[in-house]
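Student: Got a sequence here, can you model it:
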Amino acid sequence: MTAGIHGMMAAGGGASWTPAQATTDGGVSPEHWYRADDAYQESARSNVCDETNDVVGSITDKTTNADHISQGTADNKPLWIANVINGHPVIRFDGSNDTIQGAFTTGGSLSQPNTIIILAKMAADEVNDNLHHFYCDGDDGSNRNIVMKNSGPIPDKVSYNAGTNLYGDPPTGDFIIFLAVFNGNSGLGYKNGILDASGAIGSDAIDGVTLASKYDGNYVASIDFVEYLIYNSVLSVADMNQIGNYVATRYWLSWTTIE
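Tutor: Purely as a prediction, here's the structure:
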């Protein structure tokens, strides 16, 4: 069953629920939460982004961990673009050299299981170009929970990876709500609530995040980024639907109820 787009109710919590509250079923809160409407022009976080084409030097971690992520190099800063999706802004990464990164310093390393939710749209000309493009990665080479679009050996499919590629179907050039469960041999990947992949995903922990590229700045993506959340647990189905419906409601998207 696919929920309606307008006036959608978040499962178990009503349309007013946000990740600032614990989930209704499991009572869990995000370890880290980044959203495009809470960004600054400098990594020092002095001037907020509030006009289209402001550069983005930092994105706020909206949890009490306050592990903000940043980009200090002017040429690598993405742009803040107003009123792109249901009146909300996006952070636009150019697919050339834009990326932003940070460590989970306060929250620390998160061993599995973890659940990541990321809302982003990849540029149409990257969707079928048979190249790697990262939606998100860890911030170093040893602790990584990844959502990306692959090249070979299975070109242009989404890969959920914590040491092992778990392949899903190719993305589209639309906004997609990805929900990925990183849980060893019981990994899961969903797009907009629809099961995309299940099986072995690897056992890596995660101790930071990189948006729109691999942790080392390679394999950049041309994406409009909206939200990233990470929970240090396997969420219940009810909680997955509550978070998925929150994202869908806020941005006027659809979410298929996970049964």
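Student: can you list the residues that contact the helix or strand hosting Val147?
Tutor: Secondary-structure assignment from DSSP states H and E places Val147 in strand 146-149. Strand 146-149 is contacted from outside by 116, 118, 122, 126-127, 132-138, 156-162, 170-171, 178, 180, 189, 219, 221, using CB atoms under 8 Å, 6 or more residues apart in numbering. C-beta: built from backbone N, CA, C; applies to glycine.
Student: Once you drop chain neighbours, what's closest to Ile154?
Tutor: Tyr167 (5.4 Å; CB to CB, 6 or more residues apart in numbering).
Student: cool, and Asp216?
Tutor: Nearest in space to Asp216, with sequence neighbours left out and distances taken as CB to CB, 6+ apart, is Gly141 at 7.4 Å.
Student: about what we covered before: can you count the residues close to the residue nearest to Ile154?
Tutor: Neighbour count of Tyr167, defined by other CB atoms under 10 Å: 17.
Student: thought it was touching Val158?
Tutor: Yes. Contact criterion CB atoms under 8 Å: Tyr167 and Val158 qualify, at 7.1 Å.
Student: Quick check: neighbours shared by those two?
Tutor: Residues touching both Tyr167 and Val158 (CB under 8 Å, 6+ apart): Asn150, Ala197.
Student: For Ile243, see how far away Thr99 is.
Tutor: 25 Å (CB to CB, to the nearest Å).
Student: For the residue nearest to the spatial centre of the chain, give the beta-bridge partners.
Tutor: The residue lying closest to the centre of the chain (CA atoms, centre = their mean) is Ile118, at 2.2 Å. Residues in a beta bridge with Ile118, per DSSP bridges, are Phe178, Tyr228.
Student: Check what pLDDT it gets.
Tutor: Ile118 is assigned 98 on the pLDDT scale.
Student: picking that back up, show me what the strand holding Val147 pairs with in its sheet, parallel or antiparallel.
Tutor: strand 133-137 (antiparallel), strand 158-161 (antiparallel).
Student: Put the alpha carbons of that strand into CSV.
Tutor: What follows is strand 146-149, C-alpha atoms only, in CSV (Å, rounded to 0.1, in the frame of the first residue of the first chain):
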residue,chain,number,x,y,z
ILE,A,146,27.9,3.4,2.3
VAL,A,147,25.0,4.2,0.0
MET,A,148,26.2,4.6,-3.5
LYS,A,149,25.5,4.1,-7.2
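Student: Would you mind measuring from Asp129 to Arg35?
Tutor: Taking CB to CB, one finds Asp129 at 28 Å from Arg35.
Student: These two: which has the busier surroundings?
Tutor: Set side by side, Asp129 and Arg35 show more neighbours around Arg35, with 22 against 14, by other CB under 10 Å.
Student: buried sites along the helix or strand harbouring the more buried one?
Tutor: Element membership for Arg35 (DSSP H and E) is strand 32-40. Neighbour-count burial for strand 32-40, counted by 16 or more other CB atoms under 10 Å, picks out His32, Trp33, Tyr34, Arg35, Ala36, Asp37, Asp38, Ala39, Tyr40.
Student: JSON lines please, covering these and showing distance to Thr23 and pLDDT.
Tutor: Conversion of these to JSON lines gives the following (distance: CB to CB, whole Å; pLDDT from 0 to 100):
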{"residue": "His32", "distance to Thr23": "15", "pLDDT": "98"}
{"residue": "Trp33", "distance to Thr23": "13", "pLDDT": "98"}
{"residue": "Tyr34", "distance to Thr23": "18", "pLDDT": "98"}
{"residue": "Arg35", "distance to Thr23": "17", "pLDDT": "98"}
{"residue": "Ala36", "distance to Thr23": "22", "pLDDT": "98"}
{"residue": "Asp37", "distance to Thr23": "22", "pLDDT": "98"}
{"residue": "Asp38", "distance to Thr23": "21", "pLDDT": "98"}
{"residue": "Ala39", "distance to Thr23": "25", "pLDDT": "98"}
{"residue": "Tyr40", "distance to Thr23": "28", "pLDDT": "98"}
